[in-house]
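What follows is a predicted protein model with its sequence.
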Amino acid sequence: MLLMKTLLNCFYMVLIAIDSILGNLVMKEKMKRETYELSLEIARIGSRALRKAHDENHRHNLPNVFSRSKCLYFELPDGTITMDNPLE
């Protein structure tokens, strides 16, 4: 479950980067509407999957894992955020 959450976090960060890049391309080169809409749909799917994983982790009393500035953080089910891995 922790690996799935970490992978989803990575996927979500990639989608954010893609959205940012595509947003810049749209401004510069007038990307085809179909391509832009497809990229938005992919980002929506990733966002829904991430929310679902967060909820599932809370139901199973597992921490949510995320990173900021190359550091891993764990959000415990009670809302506490820590850098210490609670599963070790």
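Arrived safely. All figures in this text were calculated on a predicted structure; none of them were measured in a lab. Numbers count the residues shown, from 1 in each chain.

my hunch is that residue 74 is in a strand, does that hold up?
Yes: residue assignment for residue 74, taken from DSSP: H, G, I helix; E, B strand; the rest coil, places it within a strand.

now it, nearest residue through space, not along the chain?
For residue 74, the nearest residue in space outside its immediate sequence neighbours is residue 63; the separation is 4.1 Å by Cβ to Cβ, 6 or more residues apart in numbering. For the C-beta atoms, the positions are set from N, CA and C on the backbone; glycine is no exception.

Does that neighbour touch residue 57 like I think?
Yes: Residue 63 sits in contact with residue 57 when judged by Cβ atoms under 8 Å, with a separation of 6.9 Å.

show me where this structure has helices.
In the chain, the segments counted as helices under DSSP state H are 2-29, 33-59.

which helices and strands does the last one pack with?
In this structure, helix 33-59 makes packing contacts with helix 2-29, strand 64-68, judged by 3 or more Cβ pairs under 8 Å, 6 or more residues apart in numbering; DSSP states H and E.

Neighbouring strands - and their directions - for the shortest one?
Meaning strand 64-68. Strand 64-68 has its sheet partners listed here by DSSP bridges as strand 71-75 (antiparallel).

contact partners of the strand it pairs with?
Contacts of strand 71-75 with the rest of the structure, by Cβ atoms under 8 Å, 6 or more residues apart in numbering, involve 63-67, 81-86.

Farthest-apart pair in those residues, please.
The most widely separated members of those, counting by Cβ to Cβ, are 67 and 86 (16.0 Å).

From the contacts of strand 71-75, list the buried ones, please.
For the contacts of strand 71-75, burial is judged from neighbour counts taken by 16 or more other Cβ atoms under 10 Å, and it is met by 63-66.

Same list (those) but as a markdown table, adding distance to residue 74 and pLDDT.
Rendered in a markdown table, the data for the buried ones among the contacts of strand 71-75 read as follows (distance: Cβ to Cβ, whole Å; pLDDT from 0 to 100):
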| residue | distance to residue 74 | pLDDT |
| --- | --- | --- |
| 63 | 4 | 90 |
| 64 | 7 | 89 |
| 65 | 6 | 87 |
| 66 | 8 | 85 |
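
Good, we can wrap up now.
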